[in-house]
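S.K.: Quick one: sequence plus predicted model below, questions after.
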Amino acid sequence: MRNFVYDIGTKVFFGEGSLSRLPAAIAPVARRVLLVYGGGSIKKSGLYDEVTSGLRTAGIEWVELSGVDPNPRVESVNEGARLCREAGIEAVLAVGGGSVIDCAKVIAGATFHDGDAWELVTRKATYTRFLPIFTVLTLSATGSEMDAVAVISNMQTNDKIGTGHPDMRPRASVLDPRYTFSVSKYQTAAGTADIMSHVFEVYFSPVKTAYISDRLAEGVLKTCIEFGVRAYEHPDDYDARANLMWASSLAINNLLTYGKNTGWSVHSMEHQLSAYYDITHGVGLAILTPAWMRYVLSDATVDKFAEYGVNVWGIAPHGEKYAIAREAIDRTEAYFRALGIPSTLREVGIDEEKLAVMAEKAAAGLGEVFVPLTADDVLAIYRACL
């Protein structure tokens, strides 16, 4: 295992009724917050009224930024930063899924930047300060409620880029599974695929000595397999939503990454799909993952895939490692299909036209990954998904 520092600075309020604890967490650091949310579903569900009632009772004022897109745009970040500066905002409160939270995180840093927030995302400028960040989660998927990373899109340049800083990690996050009851089957499925992909990115790693991390990762994957389907079929199953919600956080709050520090292959490839075609992130990941697995399966990787098949899917161990590996990949693909997720790029409106340019950009963004990929490799994986 490699050296690491264990420091997760997010206080989590988990479970039914946990929202009541949020105002007391905000009050010591802020009396005026920017309330960030998406398309208005929190108003239909009544969550908006619950949040604002708690803020009002605690004497906390708020200014609103609504309409954050599923792949959050840099324009929303810039508008949020402007509101924070003009209104004297002291903290940012995101109520929604990962896109809303990601937008809020970069707003918190862009408030102290004089230029376009895209300069921060592209590392042409450096973050200097952050407003405190708080979240109320409504979708189990990205794990942004506990991590120190955000992903922002610029549709003018067809770029979707991750940006991070230790101070991006939320101070406190409310995780009440009831707030995910109204999530559609489509988004529940996409969110489950997103969680699983986060785990795959660190589980399939060139570091082979992080035994405990791999066993934890397998537990999270088995949780997704069990409870993703239950939440999909029974949206108001509290235990299914609760287990899925906690799996979402554990998948990407660094716990599984400690001792590994692995680059993310499939996410880099999917970011191009979202940047050029604005598709749902989890859907893109589900389409790409089995094709990536088949492409990188080799004598050098077969042991890990066989391990995955035995420990996660319960395939009986035997001497045919390749057979176990291929069955595990087939089961992964079948699971995503069982959740109603499209299995080809053509099904989500993507054809051959832009694959080459996307492959070049995806390959350029890869670090130390499970199996190194060139632009030609990425292009082959894209074509296998058509």
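M.R.: Done, it's in.
S.K.: isn't V378 right next to A359, touching?
M.R.: Yes - using Cβ atoms under 8 Å, V378 is in contact with A359, at 4.0 Å. From N, CA and C alone the C-beta is placed, and that goes for glycine too.
S.K.: neighbour-wise, which of those two wins?
M.R.: Comparing V378 with A359 by other Cβ atoms under 10 Å, the one with more neighbours is V378, at 27 against 23.
S.K.: hang on, the more buried one in a helix?
M.R.: Yes - with DSSP: H, G, I helix; E, B strand; the rest coil as the criterion, V378 is part of a helix.
S.K.: W313 versus that one, what's the distance?
M.R.: 27 Å (Cβ to Cβ, to the nearest Å).
S.K.: One more: R56?
M.R.: Counting by Cβ to Cβ, the separation of R56 from W313 is 50 Å.
S.K.: Those two: which has the busier surroundings?
M.R.: Between R56 and W313, counting by other Cβ under 10 Å, W313 is the more crowded of the two (18 against 12).
S.K.: contacting residues around the more buried one?
M.R.: Remark: with contacts taken as Cβ atoms under 8 Å, 6 or more residues apart in numbering, W313 is in contact with I225, E327, A328, R331.
S.K.: ChimeraX command for the buried members of the residues you listed?
M.R.: Per 16 or more other Cβ atoms under 10 Å, the buried members of the contacts of W313 correspond to this ChimeraX selection:
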select :225,327,328,331
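S.K.: Out of the contacts of W313, list just those in strands.
M.R.: Under the assignment DSSP state E, the contacts of W313 contribute nothing to strands.
S.K.: ranges for the helices of the stretch 101-250 of the chain?
M.R.: Here the stretch 101-250 of the chain has its helices, by DSSP state H, counting those that start in this stretch, at 118-121, 185-203, 211-233, 238-252.
S.K.: can I get the CA coordinates of the last one in CSV?
M.R.: Extracted C-alpha coordinates of helix 238-252, given in CSV (Å, rounded to 0.1, in the frame of the first residue of the first chain):
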residue,chain,number,x,y,z
TYR,A,238,-36.3,3.0,2.9
ASP,A,239,-33.7,0.3,3.6
ALA,A,240,-32.8,0.0,-0.1
ARG,A,241,-32.5,3.8,-0.5
ALA,A,242,-30.5,4.0,2.8
ASN,A,243,-28.0,1.4,1.8
LEU,A,244,-27.6,2.8,-1.7
MET,A,245,-27.2,6.3,-0.3
TRP,A,246,-24.4,5.3,2.1
ALA,A,247,-22.8,3.2,-0.7
SER,A,248,-22.7,6.4,-2.8
SER,A,249,-20.8,8.3,-0.2
LEU,A,250,-18.3,5.5,0.7
ALA,A,251,-17.6,4.8,-3.0
ILE,A,252,-15.9,8.2,-3.5
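S.K.: List the contacts of that helix.
M.R.: Around helix 238-252, the neighbours that count as contacts under Cβ under 8 Å, 6+ apart are 12, 14-16, 137, 140-147, 149, 175, 177-178, 180-181, 191-192, 194-196, 198-199, 216, 220, 223-224, 226-228, 230-231, 234-235, 256.
S.K.: Select only the buried ones of these in PyMOL?
M.R.: Here is the PyMOL command that selects the buried residues among the contacts of helix 238-252 (16+ other Cβ under 10 Å):
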select buried, resi 12+137+140+141+142+143+144+145+146+147+149+175+177+178+180+181+191+192+194+195+196+198+199+216+220+223+224+227+228+230+231+235+256
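S.K.: how far is stretch 155-167 from where the chain is centred?
M.R.: 13 Å (Cα atoms, centre = their mean, to the nearest Å).
S.K.: Tell me which residues of it come out buried.
M.R.: Buried residues in stretch 155-167, counted by 16+ other Cβ under 10 Å: M155, N158, D159, K160, I161, T163, H165, D167.
S.K.: Could you check how far stretch 362-380 is from the centre of its chain?
M.R.: Relative to its parent chain, stretch 362-380 has a centroid offset of 20 Å by Cα atoms, centre = their mean.
S.K.: what are the ranges of the helices in the stretch 251-386 of the chain?
M.R.: 265-277, 281-296, 302-311, 321-338, 355-364, 375-384.
S.K.: With distance to R32 and mean pLDDT added, can I get those helices in a markdown table?
M.R.: Output for the helices of the stretch 251-386 of the chain, formatted as a markdown table (distance: least, Cβ to Cβ, whole Å; pLDDT from 0 to 100):
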| stretch | distance to R32 | mean pLDDT |
| --- | --- | --- |
| helix 265-277 | 33 | 97 |
| helix 281-296 | 32 | 98 |
| helix 302-311 | 49 | 97 |
| helix 321-338 | 44 | 98 |
| helix 355-364 | 40 | 96 |
| helix 375-384 | 46 | 98 |
